[in-house]
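Student: Kindly return the folded structure for what I paste below:
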Amino acid sequence: MGVEVVTISTDTKFVHLAWQRSEKELEKVKYPMGADPSGRVSRMFGVYDEQQGINLRGTFIINTEGTLLNAEVNFFNLGRNIDELMRKFKANIYLSKKTNEACPSKWREEGDVTLTPSASMVGHVHEALHK
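Tutor: Below is the predicted model of the structure:
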């Protein structure tokens, strides 16, 4: 898909290694896990909690031009859903080619129903999706 995935947390590289070696959910992880023990990167993205000294769970989709396309920040104890992240990623790829369209919340992949935003659609999204 032409994507680079990097995870970053305030854990050290040694903690990441320990997690990857012992946690079955991470055993197939092939992407880099960046260590940000000082919180510098986390502060840049606005997810660092100064009082607790750790970062919130932020997910950011940034295109090759450096434009932020999607940002989601969750509290510490809420896991992320890779299927929803992939849906957003695919939608952003699709919308980069079809800039006059919009992907509704249930859009999953190219070929699914999209919308063409307009003033007449306000209050009538349901009807537009179920034509």
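
Student: So which elements touch the helix of greatest length in the chain?
Tutor: Longest helix of the chain, by residue count under DSSP state H: helix 82-97. Packing partners of helix 82-97 (3 or more CB pairs under 8 Å, 6 or more residues apart in numbering; DSSP states H and E): strand 57-62, strand 68-74. Heads up, the C-betas are built off the backbone N, CA and C, glycines and all.

Student: In this structure, where is pLDDT below threshold?
Tutor: 1 (pLDDT under 70).

Student: Which parts of this protein are strands?
Tutor: For the chain, the strands defined by DSSP state E occupy 7-9, 33-35, 48-49, 54-55, 57-62, 68-74.

Student: most packed of these?
Tutor: Comparing the strands of the chain by mean neighbour count (mean count of other CB atoms under 10 Å), strand 54-55 ranks first with a mean of 18.

Student: Paired strands for that strand, with orientation please.
Tutor: strand 48-49 (antiparallel) (DSSP bridges).

Student: what's the spacing between the partner strand and its chain's center?
Tutor: Chain-centre distance of strand 48-49: 18 Å, with CA atoms, centre = their mean, to the nearest Å.

Student: do the same with stretch 105-125
Tutor: Its chain's C-alpha centre and that of stretch 105-125 lie 21 Å apart, by CA atoms, centre = their mean.
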